[in-house]
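In: need a 3D model of the sequence below.
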Amino acid sequence: MRWLYAFVILAACRSSGGDGPTIDVFALAGEVQPEAGALVLATNVDGSPIDEQTTAGDGHAALEYEAGELVTIEFVRMNVTQLVTTPAPSTGMLAIHGPLADRAPIIAGALAITAPPITASSFVVDLGCTQIVLPSVPATVNILATCFGTDSSIDVLVRALQDGNTVAYSAARVPVIDEVGMLDISDWTMVSDTSIPIAQNDLSAAITLDEVADGFVFPAITGTEVWTGLVSDQTRVHAVAANTTTTQFTAGLPASIAFAASDFLPAATTQLARAQSMFSWTAFGVGDLVNLHAAWSTFTWDAVLPPDATTIGFPDPNIAVPADGVTTSLRAIDGPDTASFDDVQAGGIRIQGPTGATIVPPPTAGEVKETSAL
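Out: Numbering: from 1, shown residues only. As a prediction, this is how the structure comes out:
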């Protein structure tokens, strides 16, 4: 695995001085960047503390653990503290991919845009990593360093808006030479029926899609319409029916879209209950994992648990879970490249990163299925 190249062992220090097995924890910001200085907690399922460590400069920490214990990593960012909790795996190794590290908005170049006249109240320039609103074009905008993917080109989507609605657009992959990119829009593409046909939709799901260009996500205009001129490496088609969601991952653009009833997990009857910092529910019994998500103030917590889990306590006693104002969700997830919870942990848990919050390893192709508690 790519993230192993830089890691060394940090000695554990359990206050009990036990001789139990040791889990190697790897904290990463996104896919490969080590997360130094992250707090790593070992707790019981009710959230009571057992041990804690801090990741070294290479993102690694080691904790002694016993059966049934949980591991939590805290990723501190400018606007949020993201906590991720999961059981200590039987393999003794765990990689958690948290949110990307905060980055200064370094300007790496400029993009000059020219275009023929069009009636529009404003324009939106989407560079994948940021959107810029302009009153008119021609115009020149800054290119942030984070807008570059795998090469020196950038993917650009320019939308002309009237009364807040996209009426025309232009999309292209633009080379940046000597820190300057030139996008000369010869003609606007009008918003029309440029969409991928839906060949089957057994559950009458609401279907939308995102196009992924060089790692950056560009949502469709509406529904299944695609952006002509955008170089799409992957398409993610989302289908929502009641409290179930399935996302189809396809290389490039699919010729058509089809969702049969078998493409969805069964609708859940599970309900989530909370007593201050304790959360409980009835087991889903489907999928590769259960994800409890809770957010309040500047804190976000994701617990990634096996499908038969039914309860968990918040793991950090130094962070208060308020009685009100906590947003929660609970879902079971089934990935195409995982057959069990052990597979999920072996592949690394992904909460946020360049490929999105799939939790399971993000597939090149296949379906990620979800069913949510009522």
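
In: partners of the lowest-mean-pLDDT helix or strand in the chain, with directions?
Out: Ranking every helix and strand in the chain by mean pLDDT, DSSP states H and E puts strand 60-64 at the bottom, with a mean of 87. Strands adjacent to strand 60-64 in the sheet, as given by DSSP bridges, are strand 22-29 (antiparallel).

In: and stretch 330-349, how far from the chain's centre?
Out: In terms of Cα atoms, centre = their mean, to the nearest Å, the centre of stretch 330-349 is set 14 Å apart from its chain centre.

In: for stretch 364-374, same thing?
Out: 13 Å.

In: buried residues in that stretch, which are they?
Out: For stretch 364-374, burial by neighbour count (16 or more other Cβ atoms under 10 Å) applies to Glu367, Val368, Lys369, Glu370, Thr371, Ser372, Ala373. Where C-beta positions appear, they are placed from N, C-alpha and C, glycine not excepted.

In: what's in contact with it?
Out: Applying Cβ atoms under 8 Å, 6 or more residues apart in numbering, the external contacts of stretch 364-374 come out as 234, 243-251, 263-272, 281, 284, 286-287, 329-337, 358, 360.

In: the helices in this structure, which residues?
Out: Here the chain has its helices, by DSSP state H, at 341-347.

In: where does it dip in pLDDT?
Out: The model of the chain has pLDDT under 70 over residues 1-20, 91, 193, 353-357.

In: care to break it down by domain?
Out: The chain breaks down into these domains under automatic domain parsing: 2-101+265-372, 107-190, 198-263.

In: return the distance of the shortest one from the chain's centre.
Out: Spelled out, that is domain 198-263. 16 Å.

In: quick check: the gap between Ala95 and Val45.
Out: Ala95 sits 22 Å away from Val45, going by Cβ to Cβ, to the nearest Å.

In: out of the two, which sits in the busier spot?
Out: Higher neighbour count among Ala95 and Val45: Ala95, with 22 against 18, using other Cβ atoms under 10 Å.

In: what about the strands in the stretch 51-200 of the chain?
Out: 60-64, 70-76, 81-87, 93-98, 107-114, 122-126, 131-134, 139-144, 153-162, 165-177, 180-184, 189-190, 198-201 (DSSP state E, counting those that start in this stretch).

In: what's next to stretch 244-258, contact-wise?
Out: Contacts of stretch 244-258 (Cβ under 8 Å, 6+ apart): 196-201, 203, 205, 207, 209, 211, 224, 226, 232-239, 259, 263-268, 336, 362-372.

In: show me which of the residues you listed are buried.
Out: 196, 198, 203, 205, 207, 209, 211, 224, 226, 232-239, 259, 263-265, 268, 336, 362-363, 367-372.

In: in strands, which of those residues appear?
Out: Members of the buried ones among the contacts of stretch 244-258 lying in strands (criterion: DSSP state E): 198, 207, 209, 211, 234-239, 259, 367-372.

In: residues touching Ala303, list them.
Out: By Cβ under 8 Å, 6+ apart, the residues touching Ala303 are Val84, Thr85, Thr86, Phe279, Val290, Asn291, Leu292, Ile312.

In: pretty sure Thr338 is touching Gly347, no?
Out: Yes - with contact defined as Cβ atoms under 8 Å, Thr338 reaches Gly347; the gap is 6.4 Å.

In: find residues that contact each of those two.
Out: Between them, Thr338 and Gly347 share the contacting residues Val360, Pro361, judged by Cβ under 8 Å, 6+ apart.

In: between the two, which is the more surrounded one?
Out: Ranked by neighbour count (other Cβ under 10 Å), Thr338 and Gly347 place Thr338 first, with 22 against 16.

In: quick one: contacts for Arg331?
Out: Here Arg331 is in contact with Val290, Asn291, His293, Glu370, Thr371, Ser372, Ala373 (Cβ under 8 Å, 6+ apart).

In: now with 7 Å, please.
Out: Asn291, Glu370, Thr371, Ser372, Ala373 (Cβ atoms under 7 Å, 6 or more residues apart in numbering).

In: the nearest residue to Ala213 once chain neighbours are set aside: neighbouring residues, count only.
Out: If you skip the residues right next to it in sequence, Ala213 has Asp155 as its closest partner in space, 4.1 Å away by Cβ to Cβ, 6 or more residues apart in numbering. Using other Cβ under 10 Å, Asp155 has 28 other residues around it.

In: now render the strands of the stretch 51-200 of the chain as CSV, adding distance to Thr54.
Out: Shown next, in CSV, are the strands of the stretch 51-200 of the chain (distance: least, Cβ to Cβ, whole Å):
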stretch, distance to Thr54
strand 60-64, 7
strand 70-76, 10
strand 81-87, 15
strand 93-98, 15
strand 107-114, 33
strand 122-126, 39
strand 131-134, 36
strand 139-144, 31
strand 153-162, 37
strand 165-177, 39
strand 180-184, 42
strand 189-190, 52
strand 198-201, 50
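
In: to Val321, which of these lies closest?
Out: strand 81-87 (11.0 Å; Cβ to Cβ).

In: restricting to C-alpha, output the closest one in PDB.
Out: Written as PDB, here are the backbone C-alpha positions of strand 81-87 (Å, rounded to 0.1, in the frame of the first residue of the first chain):
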ATOM      1  CA  THR A  81     -12.200  19.000  14.200                       C
ATOM      2  CA  GLN A  82     -12.900  15.700  12.500                       C
ATOM      3  CA  LEU A  83     -13.000  12.600  14.800                       C
ATOM      4  CA  VAL A  84     -13.000   9.100  13.300                       C
ATOM      5  CA  THR A  85     -13.800   6.100  15.500                       C
ATOM      6  CA  THR A  86     -13.600   2.400  14.600                       C
ATOM      7  CA  PRO A  87     -12.900  -0.900  16.400                       C
END
